[in-house]
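1. Take a look and give me a structure for this.
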Amino acid sequence: MLAAQENRFQYVYFTLSGLVACTMLILFYISMRTTINERLREDLKLLQRQLIYEKPNPHWSYNNSWRRIGNVTLRHEIYSAYFDVRTDIISNVKLDEEQLTVGSLRIFAILPERLRDSRVSCIVRFADFTSHEILAEEAGAMHDVHNNSFAAWSIMCPLQVKKESPPRLPQFVALSYASNRLSHISPSYIQISYPRNMSEMFHKSRATISVCVGPLQENYSNVLRLVEFVEMYRLQGAVHFYFYYVEASEEVRRVLDHYQRLGLADVFEWNVQAHLQDVHYAGIVAQFNDCVYRANVVDNHRYAAVVDLDEVLMPLKHNSLADYLRQCDEGRTSGFVFRNVFFYRRDSNDTFNAPGHIMNRVLYTQSKVRRTLEVMPAYMRSKVVVNTRAIVEMGNHQVYRSAPGFVDHIVHQTVGLLFHYRDKCINCKMVLIVDYTARRFGSLLFDRVDGTCLEVFMERRGICALA
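-> I've put the predicted structure just below:
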């Protein structure tokens with residue numbers, strides 16, 4: 001009896017020992033693979049930076065527009081493509097005696113939310129009109145679909161080149177997939193966006209703030225709000241603005257042209273008229289992602305504030321947004337999430353602080369001084385200022401995917417808030433409190449708005465129209 005029990009204990013002991021040994025071997029194998037992969041990626045980054053890159057399309061002006069893919073009756077559309085040098089967001093990189101992965105192509109499109117194809121490819125074309133096909137590593141609808149039949153899509157194709165300097169980079173790219181046969185037979189090529197200055201490709205990003213503005217649509221005509229928005233963010237440290245318009249009034253276009261001439265803004269036609277009813281809010285997710293990638297890849301801005309025209313990111317304990325980021329960004333934050341409070345248009349105007357000589361007296365950030373007491377939870381109508389080099393997928397109200405090593409940060413409500421000057425009430429019975437925070441910019445803001453309105457609308461003696 002004792003011998004049988006001893007044999008049972010020995011069996012259990014050797015079984016457990018074998019399992020422990022197997023587990024240790026598996027962990028050792030995983031550790032070795034991880035170490036080898038990390039060394040491979042380090043070597044790849046080193047070689048990647050040693051190459052000298054030449055822009056294949058030096059004369060392109062970076063003006064995109066939506067283009068139909070293949071069969072026009074399917075209403076599949078492609079907008080833009082960016083050369084992304086971040087190899088840490090690529091799952092399978094290549095480094096051998098002949099080739100290395102130098103980055104990826106990030107493409108934005110509008111496709112059915114549930115596309116039948118499991119395989120999507122990028123067809124790249126070079127300056128000499130040769131081409132080849134690359135299987136996409138990622139292809140799928142981005143977040144914020146909201147039960148629409150079409151969605152904003154993000155497609156990523158890794159780009160390998162021969163070990164030569166300068167490497168041969170593609171000039172155009174198109175999408176190909178089986179359910180749209182014409183996409184392969186007659187590809188719809190678009191230009192690939194590279195940095196304006198290729199020598200800055202691997203440099204540290206410029207510590208500047210750009211602003212990505214939601215699409216202007218429904219014949220947007222609030223000229224005064226537009227001017228106030230730009231000048232408010234300029235006072236907060238923003239240096240560049242990206243505007244996308246579906247439909248805007250002639251007066252709004254004059255203001256946008258004015259800022260474009262000054263080098264403060266890029267203005268793009270957002271011709272999504274075919275999808276206004278079946279994609280969420282005029283394709284705003286595609287637009288915000290295009291803008292963040294444009295700020296990163298093309299212009300090398302470190303930060304992008306992702307907001308609408310009725311929203312102001314307002315630091316409460318710092319002089320400006322630039323000061324807040326300078327003091328609080330430790331380098332590994334993908335996005336600073338500002339929680340939402342509302343100011344309502346139906347509330348009465350308080351123009352007490354408007355100087356007597358000012359022509360445009362009813363500025364929404366200065367005349368609306370009562371906001372909701374309740375601060376909405378993070379990610380619910382919140383807005384974000386992002387580190388552009390950390391973003392893989394951006395949403396309307398949050399960062400959905402960051403590069404490895406980056407996390408977002410929720411700004412405490414005593415440090416900063418999103419001031420949302422909304423035309424219509426969400427809940428008109430919410431408790432309101434007086435908040436004069438935005439008035440600290442008042443004197444400079446009034447003067448700047450009047451100065452811009454006078455430059456653009458001299459024939460009206462500097463009066464900017466309210467909608």
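
2. Doesn't Phe419 belong to a helix?
-> No. Phe419: not assigned to a helix; according to DSSP: H, G, I helix; E, B strand; the rest coil it is strand.

3. how deep is it tucked in, by neighbour count?
-> For Phe419, the count of nearby residues is 23 (other CB atoms under 10 Å). In this view, the C-beta of every residue, glycine as well, is placed from N, C-alpha and C.

4. I figured it was touching Tyr364, is that so?
-> No. Phe419 is beyond contact range of Tyr364, at 9.6 Å (criterion: CB atoms under 8 Å).

5. Spit out the residues that contact these two alike.
-> Residues within reach of Phe419 and of Tyr364 at once, by CB atoms under 8 Å, 6 or more residues apart in numbering, are Phe343.

6. low pLDDT regions in this structure?
-> Scanning the chain for pLDDT under 70 picks out the ranges 1-14, 17-18, 20-37.

7. Tell me where it has helices.
-> Along the chain, counting by DSSP state H, helices occupy 2-50, 182-185, 223-235, 250-261, 284-293, 321-328, 364-367, 442-456.

8. Single out the most deeply packed of these.
-> helix 284-293 (a mean of 26; mean count of other CB atoms under 10 Å).

9. residues making contact with that one?
-> Contacts of helix 284-293 (CB under 8 Å, 6+ apart): 64, 79-80, 82, 84, 106, 108-110, 142-144, 151-154, 193, 212, 214-215, 242, 244, 270, 304, 306, 386, 388, 391, 393-396.

10. Kindly report the same for stretch 179-190.
-> 64, 67-71, 74, 76, 78-81, 115-117, 123, 125, 172-177.

11. that older thread, which one of the helices of the chain lies closest to Gln277?
-> Nearest of the helices of the chain to Gln277, taken as CB to CB: helix 284-293 at 14.4 Å.

12. Flag every buried residue along stretch 400-407.
-> Within stretch 400-407, the residues scored as buried using 16 or more other CB atoms under 10 Å are 400-402, 406.

13. Including distance to Leu159, could those residues go into TSV?
-> As requested, the buried residues of stretch 400-407 are exported to TSV (distance: CB to CB, whole Å):
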residue	distance to Leu159
Tyr400	23
Arg401	20
Ser402	21
Phe406	22
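
14. ok, back up a step: narrow the contacts of stretch 179-190 to those that are buried.
-> Buried members of the contacts of stretch 179-190, counted by 16+ other CB under 10 Å: 64, 68-70, 76, 78-81, 115, 123, 125, 172-177.

15. And the closest residue to Tyr220 other than its chain neighbours, how far from His184?
-> Residue nearest to Tyr220 in three dimensions, not counting chain neighbours: Ala248, with 4.6 Å by CB to CB, 6 or more residues apart in numbering. From Ala248 across to His184, the span is 37 Å (CB to CB, to the nearest Å).

16. now swap in Leu105 and tell me
-> For Leu105, the distance to His184 - CB to CB - is 17 Å.

17. ok, Asn57 touching Arg196?
-> No. Using CB under 8 Å, Asn57 makes no contact with Arg196, being 11.6 Å away.

18. looking at the helices of the chain, which is closest to Lys204?
-> helix 2-50 (12.7 Å).

19. got the contact list for stretch 346-365?
-> Residues outside stretch 346-365 that contact it (CB under 8 Å, 6+ apart) are 224-225, 227-228, 232, 310, 312, 343, 345, 366-370, 419, 421, 425, 428, 432, 438-439, 441-443, 445-447, 449-450, 453-454, 461-464, 466.

20. and it, which residues are buried?
-> Residues 347, 354, 358, 360-361, 363-365 are the ones in stretch 346-365 that count as buried (16+ other CB under 10 Å).

21. need those residues in CSV with distance to Gly335, can you?
-> Formatted as CSV, these follow (distance: CB to CB, whole Å):
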residue, distance to Gly335
Asp347, 30
Ala354, 35
Ile358, 36
Asn360, 33
Arg361, 36
Leu363, 28
Tyr364, 25
Thr365, 23
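
22. Can you name the two of the residues you listed that sit furthest apart?
-> Longest distance between any two of those is 20.8 Å, between Asp347 and Ile358; criterion CB to CB.

23. Now for the residue nearest to Asn296 when sequence neighbours are not counted: which residues touch it?
-> Computed as CB to CB, 6+ apart, the closest residue to Asn296 that is not its neighbour in sequence is Thr388, at 3.5 Å. Thr388 is in contact with 205, 210, 292-293, 295-296, 301-304, counting by CB under 8 Å, 6+ apart.

24. of all those residues, which comes closest to Cys328?
-> Of the contacts of Thr388, the one sitting nearest to Cys328 (CB to CB) turns out to be Tyr303, at 11.9 Å.

25. Might one say that that closest one is in contact with Asn387?
-> Yes. With contact defined as CB under 8 Å, Tyr303 counts as touching Asn387 (6.5 Å).

26. Do you have the strands of the stretch 351-467 of the chain handy? List them.
-> Remark: strands assigned in the stretch 351-467 of the chain by DSSP state E, counting those that start in this stretch are 370-372, 383-387, 391-394, 399-402, 407-410, 416-422, 432-434.

27. taking these together, which one is wrapped up most tightly?
-> strand 383-387 comes out most buried of these by mean count of other CB under 10 Å, with a mean of 26.

28. helices or strands up against that strand?
-> Other elements packing on strand 383-387 under the criterion 3 or more CB pairs under 8 Å, 6 or more residues apart in numbering; DSSP states H and E are strand 301-307, strand 311-315, strand 333-338.
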